[in-house]
Structure formats: C-alpha cells, structure tokens
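Novice: okay, structure incoming, though there's no sequence with it:
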C-alpha cells in the first residue's frame, strides 16, 4: 500500500497520529479526501437541509474570481475558482429521490455536477438555465441573498439581475432567499467530516503547544511577534494555511490594567517575553477545507518557581467553568441570543465576571450559524444572534472570565477558545480543551 493511501485511511478511520508532520497529507491525497467529503455531503447532508428549508431548487451563480462563498464549497479540489460564469443547479424531485445536480457551464464541475449546457448546441447560457428550470417547474427557486449573513449573500447585483431577466414572469415570482438553506449547508458537519475533524484540531493544538514552550521562547530575548511569526512559519512548513495572522499577547503583574477593547488593540504589539508573564495565543489553521480557532494560555516561570501560581491556576479553572456554563445551555432550537442571555445570567449567579463571543466553525473561521454574543454586544446580536442552534454543528467556544489574582494585586482575563461539536443532545470538544495553564519551561530545571 502506498504511504499516502495509508495516510488517508488513517485519517478516515480516526487513527491516532504521533505528530503533526505524520498526519498532513500531500496535496494530491488532500484533493482526494476533499472530493470524497464533498460527494458524501451532497448525498447525505444536502437533501435534508433542502427539505428543512422548504426549497426544492437552488441556483448558485458566480463569475471567475468573484465567487459566492457557498458556491466555492461545491467546487472540486482542483478548481481554485469558478470558470468564466459557473452556474450550479440543484433540484430536489421529492422524498425518496436523489437530488439532481447540474452545471450550466462549459464543463462538468467535479464528479457531482453534470455539464448541462453546450453553447454551440443550446445557445445563450441564461436561456439554457431558464429552460432547465421550466422543465422541472419548481415551487421555489432559492438564490443566495441575505441581509444578516454575509456568507448567504453571495449573488452579485449583476448576476441576480441577469438571472431574473432570463426567467418568465411566472418563474421569477418563485425566487426566494436561500439564506436558511445556505447557512444549513455550510454549518452542518457530516459523519465523515467528524471522523477527520479531530485530527485537524489536534494538529492545531500541537502547533500551538509547541510555540508556547521553551523550544520557541527564551525569556528576556523572544518577543511576542517572534512567536507569532514562528507560528506562521511552522504552519507554512506543514503546507497548511493560517486563516488569520496569529496573535500573542501578555498580561503581567506590573502592567497597567486595560479594558478589553484596548487589549484587542495591543494584540500585535511587539513585547519582550519575561518571567512571570501570562501569555495568550490566538491561532487558526485551514486544512482539508475545515478551519480551527483556538486560544490558550502559558505562564513563564520565575526563577525558583516550579509551577504556575495557585491564584492564576484558580483563575483558569473559572475560565473552564464558564465554558461548561455556555455549552450546558446548548439546546437545539434555542437562538444564539437566548443561549447568550442564559449563560451570562448563570455566570453572574456564580460570581463569574464573563464575556461570551462564540461563533460557528467549519468551512470558514467565523462560520455560518448562530452568533452567541460579540465582545462588544453582550446584550445580543440582532439577526445573526436570532438564528437557532441546530444539531451536527461545530462552534468555537470563545469567551473570557475575569478573576482577581491577589499575588498580582489586580484582575486577569482568562481568554479561551476551543472548537466543539453539538450533536443535538450534548456538546463535546473536538480534540479536548486546555485544562490548565502551560508552564514555560514544561519541565523546570532542578532547584
């Protein structure tokens, strides 16, 4: 068996990898996995989402380099963009029948979408699209436009106008926003994806942990930007992508207390890392079209210290407790705003100073689905926060718990983010979560 083939099997079967380098597939094998996942999702996920949304025909339209973000998730791994004008038509003939997936384009689009337009035979592309729609006589024609969700607002003004003009009046009256269908497709994770996702998050965890160690950090010399750029280099060396620039920031005893807005502004400032610093990293990678988003902490031991100070460890435990409060309020059908309000109320009752700004994760870093707070909108988020929580969705559990640290004479914010999966009944962390602050060095020198 070829080594690359074995790697694919290891991923699909959920085998335990030893280290990131051993789990990252070559490009050709990645493409095979991506295409297999896409074909599986169209077969196992999409029919249920279409019926849940009440849309029996979905039309996605894009021109090259101005792609609808949803259409890009339907492209095969060897396509970097749409070609010329690419139109995909998905038709649900009804319960018990397979979806019909057509490409009104010059080419088949992967193995999923069959070429259904030949310019020399059929003439105008828009006319051919109108013919195909009329032949199927759908009740509703979903198009991706939305006021609240950018990811579901992918049809351009020109493409929408040309599409509407191509349809007879009767069919044009059946056009509806495909917002719920687009979000449902993007947010729902398949069984096959959830076999692979834990390995992707594990890779991110291992990269993050290595950067927060004596392997990378020499106190008094290494700066926060040194570490951030080390992450970029490490991610690049593994032939992965960082979907945002990593940030490394510091809280320390002699530092002026800052509000959260000011702390965000300082994320990319360059500071020398010193003993006694509480480090915070925010890092996300993209692999096999799925994203991760993680925030964790490390503490740089002072001379003579052999463990993280107890009051910092206690503050971290309160961060874990806030995570538990939030995920305990994950109930199918609740809106993001309802989950936020219930969680903040419970945190206040337990004496935790909390801020929650959790978002879905998947095809995008800040992905489709319910927004559960923003750092500057703790009273709820109109629109995106009103969207309900559905089963089989992944979320970045992002928040902070602020606690008094007596040895510092002030409060610290434990800012955590871990990727989790909601199966409809319970929430579990895709590759676990940080349960204690990393000490640097991990094994302190003998005293």
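Specialist: Nice, thanks for sending it over. This structure is a prediction, so every number in the text was calculated from the model and none was measured.

Novice: next helix or strand past the helix or strand residue 226 falls within?
Specialist: Per DSSP states H and E: residue 226 is located in helix 224-237. Next along the chain after helix 224-237, taking DSSP H and E as the criterion, comes strand 241-242.

Novice: for that next one, name the packing helices and strands.
Specialist: helix 224-237, strand 285-287 (3 or more Cβ pairs under 8 Å, 6 or more residues apart in numbering; DSSP states H and E). Glycine gets a C-beta too; all of them are placed from N, C-alpha and C.

Novice: what about the longest helix seen in the chain, average pLDDT?
Specialist: Identified as the longest helix of the chain according to DSSP state H is helix 191-211. Mean pLDDT, helix 191-211: 97.

Novice: so where is the protein shaky, pLDDT-wise?
Specialist: Within the chain, the ranges that satisfy pLDDT under 70 run 1-22, 257-268, 444-447.

Novice: can you list the domains in it?
Specialist: Listed domain ranges for the chain are 46-185, 189-440 (source: automatic domain parsing).

Novice: would you turn those domains into a markdown table with mean neighbour count and distance to residue 28?
Specialist: As requested, the domains of the chain are exported to a markdown table (neighbours: other Cβ atoms under 10 Å; distance: least, Cβ to Cβ, whole Å):
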| stretch | mean neighbour count | distance to residue 28 |
| --- | --- | --- |
| domain 46-185 | 18 | 9 |
| domain 189-440 | 19 | 12 |
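
Novice: ok, which of those comes nearest residue 25?
Specialist: domain 189-440 (8.0 Å; Cβ to Cβ).

Novice: ok, now which ones touch the closest residue to residue 368 other than its chain neighbours?
Specialist: Once flanking residues are discounted, residue 368 sits nearest to residue 186: 3.6 Å by Cβ to Cβ, 6 or more residues apart in numbering. Residues counted as contacts of residue 186 (Cβ atoms under 8 Å, 6 or more residues apart in numbering) are 70, 73, 151, 362-364, 367-369.

Novice: measure the residue nearest to residue 93 when sequence neighbours are not counted to residue 133 for me?
Specialist: Leaving aside its chain neighbours, residue 93 sits nearest to residue 100 (6.5 Å; criterion: Cβ to Cβ, 6+ apart). According to Cβ to Cβ, to the nearest Å, residue 100 and residue 133 sit 12 Å apart.

Novice: quick check: neighbours shared by the two?
Specialist: residue 89.

Novice: out of the contacts of residue 186, which are inside strands?
Specialist: Judged by DSSP state E, strands contain none of the contacts of residue 186.

Novice: which one of the residues you listed is nearest residue 239?
Specialist: residue 363 (19.6 Å).

Novice: I'd say that closest one and residue 288 touch.
Specialist: No - using Cβ atoms under 8 Å, residue 363 makes no contact with residue 288, being 10.7 Å away.

Novice: residues contacting the residue nearest in space to the middle of the chain?
Specialist: For the chain, residue 361 is the residue whose C-alpha lies nearest the centre (Cα atoms, centre = their mean; 2.3 Å). The contact partners of residue 361, by Cβ under 8 Å, 6+ apart, come to 291-293, 367, 394-396, 419.

Novice: take these and keep only those in helices.
Specialist: Using DSSP H, none of these sit in helices.

Novice: including distance to residue 342, could the residues you listed go into JSON lines?
Specialist: Converted to JSON lines, the contacts of residue 361 look like this (distance: Cβ to Cβ, whole Å):
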{"residue": "291", "distance to residue 342": "27"}
{"residue": "292", "distance to residue 342": "27"}
{"residue": "293", "distance to residue 342": "23"}
{"residue": "367", "distance to residue 342": "22"}
{"residue": "394", "distance to residue 342": "21"}
{"residue": "395", "distance to residue 342": "15"}
{"residue": "396", "distance to residue 342": "19"}
{"residue": "419", "distance to residue 342": "22"}
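
Novice: closest one of those residues to residue 194?
Specialist: Nearest to residue 194, judged by Cβ to Cβ, of the contacts of residue 361 is residue 394 at 8.3 Å.

Novice: how far away is the closest residue to residue 59 other than its chain neighbours from residue 130?
Specialist: Once flanking residues are discounted, residue 59 sits nearest to residue 89: 5.5 Å by Cβ to Cβ, 6+ apart. For residue 89, the distance to residue 130 equals 11 Å [Cβ to Cβ].

Novice: check residue 312 too.
Specialist: Counting by Cβ to Cβ - residue 312 and residue 130 are separated by 65 Å.

Novice: circling back: wait, which of the domains of the chain is closest to residue 38?
Specialist: Nearest to residue 38, of the domains of the chain and by Cβ to Cβ, is domain 46-185 at 6.5 Å.

Novice: ends of the closest one, how far apart?
Specialist: Distance between the two ends of domain 46-185: 6 Å, counting by Cα to Cα, to the nearest Å.

Novice: stretch 63-79 now?
Specialist: From start residue to end residue, stretch 63-79 stretches across 13 Å - Cα to Cα.

Novice: how far is it from where the chain is centred?
Specialist: 18 Å (Cα atoms, centre = their mean, to the nearest Å).

Novice: run through who's touching it.
Specialist: Residues contacting stretch 63-79 (Cβ under 8 Å, 6+ apart): 30-32, 34-35, 38, 42, 60-62, 81-86, 88, 109-113, 144, 150-152, 154-156, 159, 182, 185-186, 289, 363-364.

Novice: out of the helices and strands packed on strand 241-242, flag the one nearest residue 299.
Specialist: Nearest of the helices and strands packed on strand 241-242 (Cβ to Cβ): helix 224-237, 14.4 Å.
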